[in-house]
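Undergrad: What follows is a protein structure lacking sequence information:
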């Protein structure tokens with residue numbers, strides 16, 4: 001059982017690392033595309049801000065760990081299958097340069113593996129208290145809010161800067177965009193890094209309940225968790241892993257969001273990043289594991305649409321939206337069958 005827990009821990013940290021270079025690209029795509037910062041400078045900025053953001057709070061971690069699937073039906077194999085399903089989907093979308101949601105991939109995998117691991121089937125899913133209010137509803141509303149709020153902020157900026165010289169606007173908002181990119185990186189850390197914390201805490205809790213750690217030597221006692229909580233060492237390890245993943249960069253997704261979707265100037269990047277960061281910070285305080293990908297993508301679209309609707313490359317957007325729609329069902333199926341596969345090899 002300890003071997004299985006170590007597999008879960010390695011998979012969780014691998015997911016966190018991939019999340020760093022997959023989703024953190026969201027935070028810096030605009031500041032790179034507008035040439036305010038070089039890619040290397042932008043990645044280091046995002047990495048440091050993600051590190052500090054990951055240390056701020058655990059509300060999202062608790063929601064991911066216990067609000068979506070009945071904890072009593074979860075085993076370590078369930079958690080491992082969920083993580084592997086999410087990692088597979090993240091790598092596929094990263095390879096094709098599609099900014100999909102790591103959050104939804106993780107929850108989708110957890111739901112699928114949860115259904116497979118319990119005789120209660122679909123009844124293990126907590127629809128009323130978790131999945132609807134903290135996943136499905138935000139999944140529908142947050143992109144709409146991102147698009148509308150991004151357009152409103154950009155329109156207000158256009159009205160305010162109507163008489164300003166373009167060179168002055170680029171110079172001032174080039175500097176302001178560094179601030180907005182840092183805010184976005186911090187927001188990403190507060191929301192995304194916590195999801196893996198919740199998964200590791202869930203594995204520790206289920207392992208303790210199953211007696212997996214009863215024979216451990218005293219110095220490994222920190223692995224035992226009699227109640228669901230997020231230990232400080234889990235927070236620190238996840239924060240450092242997110243930092244490393246972000247420093248690894250995610251160039252394929254940066255190209256899609258910063259160049260292919262819509263052409264941006266510094267003022268547009270500032271508006272999009274500020275919009276997304278405000279929405280994500282609000283969700284983090286409410287313990288809602290929002291998709292940072294959905295929010296920043298639609299904020300960029302809303303900002304770009306104020307120039308003219310044709311400024312947004314809707315063919316690229318169409319491809320991205322399909323990835324969003326498919327993430328939950330595909331990772332759910334992956335989680336389900338990976339759990340069955342682990343069961344065949346004796347991992348329960």
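TA: Happy to help now that I have it. This is a predicted model, so every value here is computed, not measured.
Undergrad: Give me the below-cutoff pLDDT ranges for the stretch 151-300 of the chain.
TA: Counting by pLDDT under 70, the stretch 151-300 of the chain contains low-confidence residues at 249-263.
Undergrad: Recalculate using a threshold of 80.
TA: 189, 191-195, 212, 215-216, 218, 242-243, 245-264, 287, 289-293 (pLDDT under 80).
Undergrad: so what's the closest residue to residue 83 other than its chain neighbours up against?
TA: Once flanking residues are discounted, residue 83 sits nearest to residue 11: 4.1 Å by C-beta to C-beta, 6 or more residues apart in numbering. C-beta here means a position set from N, CA and C on the backbone, and glycine is covered the same way. Contact analysis of residue 11 by C-beta atoms under 8 Å, 6 or more residues apart in numbering lists 80, 83-84, 87.
Undergrad: between those residues, which has the most around it?
TA: residue 83 (31 neighbours; other C-beta atoms under 10 Å).
Undergrad: Surely the residue nearest to residue 83 is within a helix?
TA: Yes - counting by DSSP: H, G, I helix; E, B strand; the rest coil, residue 11 is located in a helix.
Undergrad: residue boundaries of the strands in this protein?
TA: Applying DSSP state E to the chain gives no strands.
Undergrad: where do the helices sit along it?
TA: 2-23, 25-33, 39-54, 59-66, 76-95, 102-117, 137-160, 166-209, 232-248, 251-255, 266-285, 292-305, 314-344 (DSSP state H).
Undergrad: and of these, who's closest to residue 221?
TA: helix 166-209 (10.7 Å; C-beta to C-beta).
Undergrad: Just the angle for that closest one relative to helix 2-23, thanks.
TA: 170 degrees (axes from the mean of the first three to the mean of the last three C-alpha atoms, to 10 degrees).
Undergrad: rewinding a little: so for the residue nearest to residue 83, what pLDDT did the model give?
TA: Note for residue 11: predicted pLDDT of 91.
Undergrad: Could you do the one 3 residues further on as well?
TA: Note for residue 14: predicted pLDDT of 91.
Undergrad: and what of the one 3 residues further on?
TA: The score at residue 17 is 87. That number is its pLDDT.
Undergrad: Just give the closest residue to it, not the sequence neighbours.
TA: residue 245 (3.9 Å).
Undergrad: what's around the one you found, how many residues?
TA: With other C-beta under 10 Å as criterion, residue 245 counts 25.
Undergrad: Could you do residue 219 as well?
TA: 6.
Undergrad: Same check on residue 140?
TA: Counted with other C-beta under 10 Å, residue 140 comes out at 10.
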